[in-house]
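Asks: got a structure for you, letters missing:
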Ligand SMILES: NC(=O)c1ccc[n+]([C@@H]2O[C@H](COP(=O)([O-])OP(=O)(O)OC[C@H]3O[C@@H](n4cnc5c(N)ncnc54)[C@H](O)[C@@H]3O)[C@@H](O)[C@H]2O)c1
Ligand SMILES: N[C@H](CO)Cc1c[nH]c[nH+]1
Ligand SMILES: [Zn+2]
């Protein structure tokens, strides 16, 4: 019996109106849905006014977890450690290796991405510089509605700890009370300081405003669904946020030299996250696109998450025939995908033409899924075309900079004259006088 045909939208870059059709098929940034916005505003107000009591009620309502007291939503460090100790040797080893690799990458990032203080001294002795300090306390949101994400625990907590954040507070929903042992173990391994089993907008509200039990934080990071995204947008200003990371995306550029089964499975790998996830293939070879479609049809029925994958592929995926690889790169820059795989003979050559992508995976052996778990770079990445202006979560998200200025007596003479002239020009006499008073008579 032949495999059922999965209906995936086909486009050709030569079609009339291709660019418009493509752009209108891409994901929109999350958090713009009016009904969700309203629901989230109510939840945040409830958390702000009722604190712990609201957390208990909302966790019962949305996660079907009925606890008598908010203390039942707290996980102790001992529980986290026990979860780690109870892992199978294989799981422990995999988690350890992933944590070591993620830490190593972010240690290098801390040095190379300018996450250190610096200063220089001018000829007259004036010192100027930048002081870098880690945030005091951050909240990490670990999604848990449709799947459990131990890898996201590592990706959020490790860079925070590498940056020097003293307190990392984690929230993770446990629908129906189901705690994922790998999530708890990852929290222990990454050095998370406190964990609360709460999720959604109520968890974001608790971290932003604080309750008697949940401490308020300075910044909230981590991906989540539309409720989490809307809540993060709303609390921004009270606390910092990293970005609004939406449903997963993968864009594959392939010259037709890769095993089509590999391409099909890589498309599945992001589609299986969410019905709203988006998988796109750009390829100049029409016959190869047919072979990928055949692989999809044959491989999908054996996937445990085939329902989610099929919905995502039929509603959101695109198989696009392009003129050549150069055009594929141009289109990839317009899409600005979260994950970009370049499955070609000369991946580095094409990567040079890419300006916009959250993460670029080069070569046939670099499946995106390696990056999700253990390559080392962060898997929390900009989605919905925001890679045009934002970057992966990193050590730099957990630090801030203060400008340092120490003007010498000699420096005050030259700078004082300049400041005085400009201040008078702005009509700000006190500014001028403050500079002039320091001038030698
Ligand atoms: N970019 C990344 O790094 C990354 C990593 C992992 C997951 N993801 C994405 O994160 C998302 C995770 O979503 P999820 O749903 O699995 O978990 P989630 O933890 O983000 O959301 C679950 C919470 O949503 C709230 N909620 C659900 N329905 C609600 C309703 N009707 N009203 C109010 N609140 C409601 C509940 O409080 C629940 O605890 C997926 O889109 C996935 O693709 C992204
Ligand atoms: N691909 C997700 C980010 O879009 C991250 C992830 C976690 N686990 C598996 N995948
Ligand atoms: Zn993934």
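Replies: Arrived safely, thanks for sending. This is a predicted model, so every value here is computed, not measured. Ligands and ions are numbered 1, 2, ... in the order given.
Asks: switch to C-alpha atoms for all contacts and neighbour counts from now on
Replies: OK.
Asks: Look at residue 1 and report its pLDDT.
Replies: We have a pLDDT of 57 for residue 1.
Asks: err, residue 253, not the other one
Replies: pLDDT, residue 253: 98.
Asks: before we move on, what about the one 4 residues further on?
Replies: Reading off the per-residue confidence, residue 257 sits at a pLDDT of 96.
Asks: With residue 247 instead?
Replies: For residue 247, the pLDDT comes out at 89.
Asks: Name the SS class of it, please.
Replies: What DSSP: H, G, I helix; E, B strand; the rest coil gives for residue 247 is coil.
Asks: What about it, how many residues nearby?
Replies: Residue 247: 24 surrounding residues under other CA atoms under 10 Å.
Asks: just the one 4 residues further on next, same as before
Replies: The tally of other residues near residue 251 (other CA under 10 Å) stands at 26.
Asks: for the one 10 residues further on, same thing?
Replies: Per other CA under 10 Å, the neighbour tally for residue 261 reads 17.
Asks: can you give me the strands in the stretch 1-150 of the chain?
Replies: Here the stretch 1-150 of the chain has its strands, by DSSP state E, counting those that start in this stretch, at 9-12, 74-75, 118-121, 127-134, 137-141.
Asks: residues of the first one that come out buried?
Replies: Buried residues in strand 9-12, defined by neighbour count with 16 or more other CA atoms under 10 Å: 11, 12.
Asks: Quick one: mean pLDDT for it?
Replies: 98.
Asks: Partner strands of that strand, with direction?
Replies: Note on strand 9-12: by DSSP bridges, its sheet partners are strand 318-321 (parallel).
Asks: just the strands of the stretch 1-150 of the chain: most buried one?
Replies: Each of the strands of the stretch 1-150 of the chain was scored by mean neighbour count; the highest is strand 137-141, a mean of 26, by mean count of other CA atoms under 10 Å.
Asks: Remind me what that one packs against, helices and strands.
Replies: The elements that strand 137-141 packs onto, with contact taken as 3 or more CA pairs under 8 Å, 6 or more residues apart in numbering; DSSP states H and E, are helix 150-163, strand 167-171, helix 200-209, strand 219-221.
Asks: just how off-centre is it within its chain?
Replies: Chain-centre distance of strand 137-141: 13 Å, with CA atoms, centre = their mean, to the nearest Å.
Asks: can you tell if it touches ligand 1?
Replies: No - with CA under 6 Å from any ligand atom as the criterion, ligand 1 is not reached by strand 137-141; the gap is at least 7.6 Å.
Asks: Which residue does the stretch 301-441 of the chain have closest to ligand 2?
Replies: Scanning the stretch 301-441 of the chain for the residue nearest ligand 2 gives residue 372, at 4.7 Å (criterion: CA to the nearest ligand atom).
Asks: so that residue, which of the three states?
Replies: Here residue 372 is recorded as helix under three-state DSSP.
Asks: what's near enough to touch the residue nearest to residue 241 when sequence neighbours are not counted?
Replies: In this structure, residue 241 finds its nearest non-sequential neighbour in residue 220, 4.9 Å apart by CA to CA, 6 or more residues apart in numbering. Contacts of residue 220 were listed using CA atoms under 8 Å, 6 or more residues apart in numbering, and they are 138, 139, 140, 141, 204, 207, 208, 232, 239, 240, 241, 242.
Asks: hmm, try it at 7 Å
Replies: Residues in contact with residue 220, defined by CA atoms under 7 Å, 6 or more residues apart in numbering, are 138, 139, 140, 239, 240, 241, 242.
Asks: Need the per-residue pLDDT for it.
Replies: At residue 220, pLDDT is 98.
Asks: Kindly report the same for residue 432.
Replies: On pLDDT, residue 432 comes in at 98.
Asks: does it really touch residue 420, like I thought?
Replies: Yes - counting by CA atoms under 7 Å, residue 420 is a contact partner of residue 432 at 4.2 Å.
Asks: Spell out, range by range, the helices that occur in the stretch 51-200 of the chain.
Replies: Using DSSP state H, counting those that start in this stretch, the helices of the stretch 51-200 of the chain run over 52-63, 77-85, 89-112, 150-163, 181-190, 200-209.
Asks: need the residues of the protein near ligand 1, please.
Replies: With CA under 6 Å from any ligand atom as the criterion, the chain meets ligand 1 at residues 62-63, 143-147, 152, 173, 199-200, 223-225, 227-228, 245-248, 273-274, 379-381.
Asks: Mind putting the helices and strands packed on strand 137-141 into a markdown table with distance to ligand 2?
Replies: Formatted as a markdown table, the helices and strands packed on strand 137-141 follow (distance: least, CA to the nearest ligand atom, whole Å):
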| stretch | distance to ligand 2 |
| --- | --- |
| helix 150-163 | 6 |
| strand 167-171 | 16 |
| helix 200-209 | 18 |
| strand 219-221 | 14 |
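Asks: which ones are touching the residue in the stretch 201-350 of the chain that ligand 2 sits nearest to?
Replies: Nearest residue of the stretch 201-350 of the chain to ligand 2: residue 248, at 4.0 Å (CA to the nearest ligand atom). Contact partners of residue 248, counting by CA under 7 Å, 6+ apart, are 270, 273, 277, 278.
Asks: The third one: neighbour count?
Replies: By that I understand residue 277. 25.
Asks: Repeat that for the first one.
Replies: Summarising burial for residue 270: neighbours were counted as other CA under 10 Å, giving 25.
Asks: repeat for the last one
Replies: By other CA under 10 Å, the residues close to residue 278 number 31.
Asks: Which strand residues bridge it?
Replies: In this entry, residue 278 is beta-bridged to residue 249, by DSSP bridges.
Asks: wait, it sits on residue 317?
Replies: Yes - contact criterion CA under 7 Å: residue 278 and residue 317 qualify, at 5.5 Å.
Asks: for the nearest residue to residue 245 once chain neighbours are set aside, phi and psi?
Replies: Counting by CA to CA, 6+ apart, residue 245 lies nearest to residue 223, which is 5.1 Å off, once chain neighbours are set aside. Per-residue torsions, residue 223: phi -80, psi 170 (degrees, to the nearest 10).
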